[in-house]
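J.: Quick one: sequence plus predicted model below, questions after.
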Amino acid sequence: MIKVNNVTKIYGSGETACKALDNVSLNIGSSDIAAIIGPSGSGKSTLINVMSTLDLPTDGEILFDSEKISSMKEAKKSDFRLKNFGFVFQDFYLMSTLNAKENIILPMNYKSKVYDNALFEELVNKCGIGNKLLNYPHELSGGEQQRVAICRALLMKPKVIFADEPTGNLDSYNSKIVFDLLISYAKSNNSCLVYVTHEEKYASLADYKIEVLDGKCTNISNDTGGENA
């Protein structure tokens, strides 16, 4: 489903140039769960940002179902993301002037679509925030805010979920809830989940790990039986 072809990403130019990704190639299947791991500054977040079209490669290309998405014009790319991708970040990116329910359904307003009420109810109940829907972000704990963000991403019925350090601001209790939710959704809906984590216990939940070091990638098969990309 997702194909990364000889991707290089360079920030800056001349003597200040920094090569964040160095000729990376990999494939991720339509129902794969892949963890991106590596030390701080290795290029993990750059890889997931380029893969999800939030950032542009300097060289190389990103394909989704054989369609070259890295070279789309920005308006088409934005629409493509709304239709196919769900995003969960370390920072929750909730609108402070909207309550929890309004934050969850916000992307549907951009698409001018009526949301699936049955799915909405299922998500908020699984996330344990059914009694928090009228609360504003400042009235929610960090774990509750992240669960709102997850509901927002999954209500779109994404084919691919990208999560960049989704538990970076959470305690161990809420971190487990977040990964249980993401992996359960991906498996139940045959969706692809690609996430960045620095914690081995969460990386081991994936079908396989993509290790990033100095902008280069290697794929490591897990004991769970997942195959290399």
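T.: Arrived safely. Numbering: from 1, shown residues only.
J.: Could you use CA atoms for every contact and neighbour count after this?
T.: Noted.
J.: ok, now how distant is Gly43 from Val124?
T.: Gly43 sits 33 Å away from Val124, going by CA to CA, to the nearest Å.
J.: Looking at these two, which is more packed in?
T.: Gly43 (25 against 22; other CA atoms under 10 Å).
J.: how near is the more buried one to Asp65?
T.: Gly43 is 24 Å from Asp65, by CA to CA.
J.: Next: Phe162.
T.: On the measure of CA to CA, Phe162 and Asp65 end up 16 Å apart.
J.: what does Leu193 give?
T.: 16 Å.
J.: And the two? Which one has more around it.
T.: Leu193 (28 against 11).
J.: Pick out the residue nearest the middle of this structure.
T.: For the chain, the residue nearest the mean C-alpha position is Phe162 (1.3 Å; CA atoms, centre = their mean).
J.: Next, that one: secondary structure please.
T.: strand (DSSP: H, G, I helix; E, B strand; the rest coil).
J.: what does His138 give?
T.: helix.
J.: Next: Ile62.
T.: Assignment for Ile62 (three-state DSSP): strand.
J.: Show me what it is bridged to.
T.: Val4 (DSSP bridges).
J.: which residues in this protein form helices?
T.: 44-51, 74-84, 100-110, 117-126, 142-154, 172-188, 200-203 (DSSP state H).
J.: Quick check: which of those helices is nearest to Leu21?
T.: Closest approach to Leu21 among the helices of the chain is made by helix 44-51 (7.1 Å; CA to CA).
J.: could you give the angle of that closest one to strand 160-164?
T.: 150 degrees (axes from the mean of the first three to the mean of the last three CA atoms, to 10 degrees).
J.: which other helices and strands contact helix 44-51?
T.: In terms of contacts (3 or more CA pairs under 8 Å, 6 or more residues apart in numbering; DSSP states H and E), helix 44-51 is packed against strand 2-11, strand 18-28, strand 160-164, strand 192-196.
J.: quick one: which of these is nearest Ala75?
T.: strand 160-164 (19.4 Å).
J.: Each with direction, which strands does the closest one pair with?
T.: strand 85-89 (parallel), strand 192-196 (parallel).
J.: Quick one: those as CSV, columns for mean pLDDT and distance to Val212 too.
T.: Formatted as CSV, the strands paired with strand 160-164 follow (pLDDT from 0 to 100; distance: least, CA to CA, whole Å):
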stretch, mean pLDDT, distance to Val212
strand 85-89, 95, 19
strand 192-196, 97, 10
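J.: Any idea which of those strands gets closest to Gly29?
T.: From those, taking CA to CA, the stretch that ends up closest is strand 192-196, at 7.1 Å.
J.: Identify the residues contacting that closest one?
T.: Here strand 192-196 makes contact (CA atoms under 8 Å, 6 or more residues apart in numbering) with 29-37, 44-45, 48, 159-166, 182-183, 186.
J.: Could you export that strand as CSV, CA atoms only?
T.: C-alpha atoms of strand 192-196 as CSV (Å, rounded to 0.1, in the frame of the first residue of the first chain):
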residue,chain,number,x,y,z
CYS,A,192,-2.5,0.0,8.4
LEU,A,193,-0.9,1.5,11.6
VAL,A,194,2.5,3.2,11.5
TYR,A,195,3.8,4.6,14.7
VAL,A,196,6.9,6.1,16.2
